[in-house]
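Participant: Pasted the sequence and its predicted model underneath.
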2 protein chains.
Amino acid sequence: MTVTAHATTTFDLGPARALSCRECGHQVPLAAEFACVECFGPLEVSYEFGEITRAAIESGPNSIWRYRDLLPVPSDVDTQPNTEPGLTRLVKADRLAAALGVKSLWVKDDTGNPTHSFKDRVVAVALAAARQLGFTVLACPSTGNLANAVAAAAARAGWESVVLIPSSLERAKVLTTAVYDGALIAVDGNYDDVNRLATELAAEHEDWAFVNVNVRPYYAEGSKTLGYEVAEQLGWRLPDQVVVPVASGAQLTKVDKGFREFTELGLVEAKPYRVFGAQATGCSPVSAAFKAGLDVVSPVKPDTIARSLAIGAPADGPYVLDAVRRTNGAVEDVTDEEVVEGIRLLARTEGIFAETAGGVTVATAKKLIDTGQLDPDAETVLFITGDGLKTLDAVQDRIGPRATVPPSAAAVRKALES
Amino acid sequence: MTVTAHATTTFDLGPARALSCRECGHQVPLAAEFACVECFGPLEVSYEFGEITRAAIESGPNSIWRYRDLLPVPSDVDTQPNTEPGLTRLVKADRLAAALGVKSLWVKDDTGNPTHSFKDRVVAVALAAARQLGFTVLACPSTGNLANAVAAAAARAGWESVVLIPSSLERAKVLTTAVYDGALIAVDGNYDDVNRLATELAAEHEDWAFVNVNVRPYYAEGSKTLGYEVAEQLGWRLPDQVVVPVASGAQLTKVDKGFREFTELGLVEAKPYRVFGAQATGCSPVSAAFKAGLDVVSPVKPDTIARSLAIGAPADGPYVLDAVRRTNGAVEDVTDEEVVEGIRLLARTEGIFAETAGGVTVATAKKLIDTGQLDPDAETVLFITGDGLKTLDAVQDRIGPRATVPPSAAAVRKALES
């Protein structure tokens, strides 16, 4: 889809040079497009990188903008109002490692971002690119984390926002979007309905940047920073194995892309690494395709508590299969019961409270280890990309105070002994 | 209170040298004590700092441990499992500045910490000191943020935790503590009951570090890092004015202490700055004392939605009055209605969703400007120290979707036009 008014090559999007079709390779100038005019394949940003050094990155801001010379954003991006996500903790997870029976384990804890999920990364890049492309409204269809991130980033930038959500969305996610005072519209329908509306509205409104629709190629690049940060935080080297949750699949493919770019640029030594994908069994089309040895992903109707991963027809599914197979990884899936156990295991061993998607990652890592797919002697990184405070419903029936006692020290002592 | 088993001077607490009474100056060796044996005044950590340079700090970890040589922690503190809080965003708040009518405004956004409040800072320092002092259990009485931080830090360290809460606490705060799987005990009583129990249990259990009771002198020092970070993030200089929420008052006095230490160590140029305190009218004993020109703070019975500030008898109240008067600042208070407006103003101008305490800070800043107490032409920093996701109840009746519509683009368009 071409938004003609914006289709020139004069945008300052830093090292970005063109959009290339991932299927047929056809190139078009930088613009607000997302599908190839030749074959309808998805478009991806192509770059011409300058010389990039570790020192230059290290002297940059404590946010994803330290990687601005690797992203489709102008070089002065950090002077424009935006949410400054990134450089979140990489936690050495020795206690979780012991519980899982692996030697060396890290958790990339992305709950520290401004609205507490990795979506702040992709939205920040989308906003920066959309500003260059001439948009003035930030928009999205979403079921939660993306809604929070878009509404917050637009507020910070002084942009209007239009956020479409299914009317059945949980109270916490509605409030945490509404507070930023953009145009939050609840739609009586499911996420597919909302998504379809977004595509329709994007075509009608030249000045609306639907971050995950008409500026998706730029947006998706934000997830590369997860890979960059892990490599930099490990002391400029790649891990042996990573486990990444799979919704649309974009995050996994971009972590892989980040690793490859760092290698090609000489920022890290080349080495083999394995990429694993994690899904909830109630929405596991990519896992199913992987296990069946297929190249195509058949859509499913989601039914899982891991709502932020509940994309039944994942756009990047085939590319996940490519990355996983190329790196000798796998895609695995876990039940909702295992998801909750994963959340609790991470919380009690490392003090990190993840949303359901994080439970999927932890539980999948456990299953991959137990089934011999993940090497317990190799250094592993788990990606925890959202916050448990937003999905309290998933755990509320399983946890609570150990005891409720009268206000006496004796009663407390007795409760602790029992 | 002396825990004899721990009362030696051989602890490695970095630059800390003794505990000094803030009232009579009496010094005792480093130990798990918090009240002066001579006059019952509160004890505070005294230091002998080595040479500390900007370069050394800048080359440290991206957490409060970059300031380890200024804290009562060993120099290898960052090798021990802890939560690594700090180095949260300092946001240039131009849109909020315009709304408030001030020239230069910054927001210190401490919601990016591991459990999303500044309590992670004080708990991390308390855990590090408690480890050196020989404790093995991390404990606290709390009504929310502190409970989250203690339970998470203990889980991460592999320590047992004992967290006492009033049984009436909100569901979100209970769950976000319980998930870490420590000993969470609900007490049928109010916060005063819980606090009294904590003091009683601390005296009985030599190995329990109640972070805000028997290791309070160490714990409180963690808030100095808020001051350090603001100065470093401003480019190694102090702001003209700061507005800090006041619960016990420790945070405000430690931000001031951080500024003074940086000045004495030559890390920033000496300059006058003004410290302002913010309270909710429903619990404003320090504001009342300030306005009445008193040196003592009369306890009140709290009644405000800003529960994390609802300490009716603030331990550091008199020291807040000292700091505020010494720096030509003030203490002001705002109604619950103004608190909610403060939350919404910050959210819609800067994309930051603060808890009620943050609403108190923003609303107080507004009131201080409107009444001519805060200089609109001077550079100002507001401290936002907790997350709106934990206090959704405060805003739930005021915000929501703009409209709920059928799944058609025409319906969305119509809703947006209205």
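Facilitator: Arrived safely. Residues are numbered from 1 along each chain as shown, chains lettered A, B, ... in the order given.

Participant: Tell me the confidence at A:Ala172?
Facilitator: Here the pLDDT value assigned to A:Ala172 is 87.

Participant: Show me what the helix or strand harbouring it is packed up against.
Facilitator: Per DSSP states H and E: A:Ala172 is located in helix A:171-178. Where contact means 3 or more CB pairs under 8 Å, 6 or more residues apart in numbering or on different chains; DSSP states H and E, helix A:171-178 is packed against helix A:145-157, strand A:160-166, strand A:183-187. In short, each C-beta sits where N, CA and C put it, glycine included.

Participant: Identify each buried residue in that helix, please.
Facilitator: By neighbour count, and taking 16 or more other CB atoms under 10 Å in any protein chain shown as the criterion, the buried residues in helix A:171-178 are A:172-178.

Participant: what mean pLDDT does stretch A:125-135 have?
Facilitator: Stretch A:125-135 shows a mean pLDDT of 97 in the predicted model.

Participant: For it, what is the distance to the chain centroid?
Facilitator: If you compare the mean C-alpha spot of stretch A:125-135 with that of the full chain, they lie 19 Å apart, counting by CA atoms, centre = their mean, to the nearest Å.

Participant: repeat for stretch A:49-58
Facilitator: Distance of stretch A:49-58 from its chain centroid, counting by CA atoms, centre = their mean, is 24 Å.

Participant: Ok, stretch A:210-225 next?
Facilitator: Using CA atoms, centre = their mean, we find the averaged C-alpha position of stretch A:210-225 to lie 10 Å away from the chain's own average C-alpha position.

Participant: same thing with stretch A:100-116?
Facilitator: Going by CA atoms, centre = their mean, where stretch A:100-116 is centred and where its chain is centred differ by 13 Å.

Participant: send the alpha carbons of that stretch over as CSV?
Facilitator: Presented in CSV, the C-alpha positions along stretch A:100-116 are these (Å, rounded to 0.1, in the frame of the first residue of the first chain):
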residue,chain,number,x,y,z
LEU,A,100,16.1,-25.6,35.5
GLY,A,101,19.3,-27.6,35.6
VAL,A,102,21.3,-25.4,33.3
LYS,A,103,24.8,-24.0,33.7
SER,A,104,24.7,-20.4,32.6
LEU,A,105,21.4,-18.5,32.3
TRP,A,106,20.5,-14.9,31.8
VAL,A,107,17.1,-13.1,31.8
LYS,A,108,16.6,-10.0,29.6
ASP,A,109,14.1,-8.2,31.8
ASP,A,110,12.2,-5.8,29.6
THR,A,111,9.6,-4.9,32.2
GLY,A,112,11.7,-1.8,33.1
ASN,A,113,10.6,0.0,29.9
PRO,A,114,8.4,3.1,30.2
THR,A,115,5.1,1.2,29.9
HIS,A,116,6.7,-2.1,31.0
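
Participant: buried ones in it?
Facilitator: Result for stretch A:100-116 [16+ other CB under 10 Å]: buried residues A:100, A:102, A:104-116.

Participant: hmm, who's touching stretch A:365-375?
Facilitator: By CB atoms under 8 Å, 6 or more residues apart in numbering or on different chains, the list of residues contacting stretch A:365-375 from outside reads A:100-102, A:240-241, A:243, A:274, A:276, A:278, A:330, A:332, A:334, A:338, A:342, A:345, A:376, A:380, A:382.

Participant: Show me how far that stretch is from its chain's centre.
Facilitator: Per CA atoms, centre = their mean, the centroid offset for stretch A:365-375 relative to its chain is 23 Å.

Participant: Let me see the mean pLDDT of it.
Facilitator: The predicted model gives stretch A:365-375 an average pLDDT of 98.

Participant: Same check on stretch A:143-156?
Facilitator: Mean pLDDT, stretch A:143-156: 96.

Participant: and if you look at stretch A:55-65?
Facilitator: For stretch A:55-65, the mean pLDDT works out to 96.

Participant: now do stretch A:246-256
Facilitator: Looking at stretch A:246-256 alone, the average pLDDT works out to 97.

Participant: ok, residues contacting that stretch?
Facilitator: Under the contact criterion CB under 8 Å, 6+ apart, stretch A:246-256 has outside partners A:118, A:220-224, A:226-227, A:230, A:242, A:244-245, A:275, A:277-279, A:286-287, A:308-311, A:314-317, A:319-320, A:322-324, A:327, A:331, A:357, A:383, A:385.

Participant: please redo it, this time with the cut-off set to 6 Å
Facilitator: When contacts are defined by CB atoms under 6 Å, 6 or more residues apart in numbering or on different chains, stretch A:246-256 is touched by residues A:220, A:223-224, A:226-227, A:244, A:275, A:277, A:279, A:286, A:309, A:311, A:314-317, A:319-320, A:323.

Participant: These in strands, which ones?
Facilitator: Of the contacts of stretch A:246-256, the ones assigned to strands by DSSP state E are A:244, A:275, A:277, A:279.

Participant: In terms of helices and strands, where is the residue nearest to the first one when sequence neighbours are not counted?
Facilitator: Looking back up the chat, that one is A:Val244. Nearest residue to A:Val244 in three dimensions, chain neighbours excluded: A:Leu252, at 4.2 Å (CB to CB, 6 or more residues apart in numbering or on different chains). Secondary-structure assignment from DSSP H and E places A:Leu252 in helix A:250-264.

Participant: which of the residues in that helix are buried?
Facilitator: Burial within helix A:250-264, assessed by neighbour count using 16+ other CB under 10 Å, is assigned to A:250-263.

Participant: okay, the angle between the helix holding A:Ala172 and helix B:171-178?
Facilitator: Here helix A:171-178 runs at an angle of 110 degrees relative to helix B:171-178 (axes from the mean of the first three to the mean of the last three CA atoms, to 10 degrees).

Participant: buried subset of the contacts of stretch A:365-375?
Facilitator: Buried, going by 16+ other CB under 10 Å: A:100, A:102, A:240-241, A:243, A:274, A:276, A:278, A:330, A:332, A:334, A:338, A:342, A:345, A:376, A:380, A:382, out of those.

Participant: what about the helices in chain A?
Facilitator: Taking DSSP state H as the test, the helices found in chain A are A:54-58, A:94-100, A:119-133, A:145-157, A:171-178, A:191-204, A:216-221, A:224-233, A:250-264, A:285-292, A:317-326, A:336-350, A:356-370, A:409-417.

Participant: and the angle for the fourth one with helix A:119-133?
Facilitator: To tie it back to what came earlier, the one meant is helix A:145-157. Following the same axes, to 10 degrees, one obtains 50 degrees for the angle between helix A:145-157 and helix A:119-133.

Participant: Give the other helices and strands that helix A:145-157 contacts.
Facilitator: The criterion is 3 or more CB pairs under 6 Å, 6 or more residues apart in numbering or on different chains; DSSP states H and E, and the helices and strands that helix A:145-157 contacts are helix A:119-133, strand A:137-141, strand A:160-166, helix A:171-178.

Participant: can you list the ones you listed in JSON lines and add distance to A:Val213?
Facilitator: Rendered in JSON lines, the data for the helices and strands packed on helix A:145-157 read as follows (distance: least, CB to CB, whole Å):
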{"stretch": "helix A:119-133", "distance to A:Val213": "10"}
{"stretch": "strand A:137-141", "distance to A:Val213": "8"}
{"stretch": "strand A:160-166", "distance to A:Val213": "11"}
{"stretch": "helix A:171-178", "distance to A:Val213": "18"}
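
Participant: now for the ones you listed, which one comes closest to A:Pro302?
Facilitator: Between A:Pro302 and the helices and strands packed on helix A:145-157, the shortest separation by CB to CB is 12.2 Å, and it involves strand A:160-166.

Participant: Which other helices and strands does that closest one contact?
Facilitator: In this structure, strand A:160-166 makes packing contacts with strand A:137-141, helix A:145-157, strand A:183-187, helix A:191-204, judged by 3+ CB pairs under 6 Å, 6+ apart.

Participant: Can you tell me which of these is most buried?
Facilitator: For the helices and strands packed on strand A:160-166, the largest average neighbour count (mean count of other CB atoms under 10 Å in any protein chain shown) is found in helix A:145-157, namely a mean of 29.

Participant: picking up where we left off before, find the pair from the ones in strands among the contacts of stretch A:246-256 with maximum spatial separation.
Facilitator: The span of the ones in strands among the contacts of stretch A:246-256, defined through CB to CB, is set by A:Val275 and A:Gln279 at 13.8 Å.
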